[in-house]
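1. here is a sequence with its predicted model. Questions after.
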Amino acid sequence: MSKTHRSSKRPRHPASSQVAKARCVALCLGLVVQSALGDITYNLNFNPANSPEEQQVANSVAAAAAFYNQYGSFNKHWSVSYNAGIPTAQANINGDMGFGGSR
């Protein structure tokens, strides 16, 4: 007399394998996207030693870039200018930033 043994494993639901595949694809894409991104870099188009205001702008830009680079990954370059004639600040999506005398 032969006994039939039941498997203790539950039958796999077809959707669970699709979810597993989707997670794998998302992970792989995330790794590819992460490797394509980079840090924020910047250049100062002024000498921070010229005035306390310019030094403050330079310090603020350095702190902002460090913050973004610590918590994210961006492939962006900032071109930073100081001009006392700019009322507060101005910037565009290309990374050009101008800071002025009224903060």
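-> Done, it's in.

2. show the model's pLDDT score for residue 101.
-> Here, the pLDDT recorded for residue 101 equals 80.

3. surely it is in contact with residue 56?
-> No. Using C-beta atoms under 8 Å, residue 101 is not in contact with residue 56, being 11.0 Å away. Backbone N, C-alpha and C define where each C-beta goes, glycine included.

4. how close does residue 79 get to residue 52?
-> 22 Å (C-beta to C-beta, to the nearest Å).

5. how about residue 66?
-> For residue 66 relative to residue 52 (C-beta to C-beta), the value is 21 Å.

6. repeat that for residue 42.
-> Taking C-beta to C-beta, one finds residue 42 at 20 Å from residue 52.

7. more neighbours: which of these two?
-> Counted by other C-beta atoms under 10 Å, residue 42 and residue 52 do not tie: residue 42 has more neighbours, with 17 against 9.

8. local confidence estimate at the more buried one?
-> 97.

9. pull the residues that contact the helix or strand that contains it.
-> Using DSSP states H and E, residue 42 falls within strand 40-44. Applying C-beta atoms under 8 Å, 6 or more residues apart in numbering, the contact partners of strand 40-44 are 57-58, 61, 65, 68-69, 74, 76-80, 95.

10. mind checking the pLDDT average for the helix or strand that it is followed by?
-> Where DSSP H and E defines the elements, the next helix or strand beyond strand 40-44 is helix 52-71. The average pLDDT within helix 52-71 is 95.

11. who does the helix or strand following helix 52-71 pair up with?
-> Downstream of helix 52-71, the next assigned helix or strand under DSSP H and E is strand 76-82. Using DSSP bridges, strand 76-82 pairs in its sheet with strand 40-44 (parallel), strand 96-99 (parallel).

12. what comes up buried for the last one?
-> Taking 16 or more other C-beta atoms under 10 Å as the basis for neighbour counts, the residues of strand 96-99 that come out buried are 97, 98, 99.

13. ChimeraX command for the buried members of the contacts of strand 40-44?
-> A single ChimeraX command selects the buried members of the contacts of strand 40-44 (16+ other C-beta under 10 Å):
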select :57,58,61,65,78,80
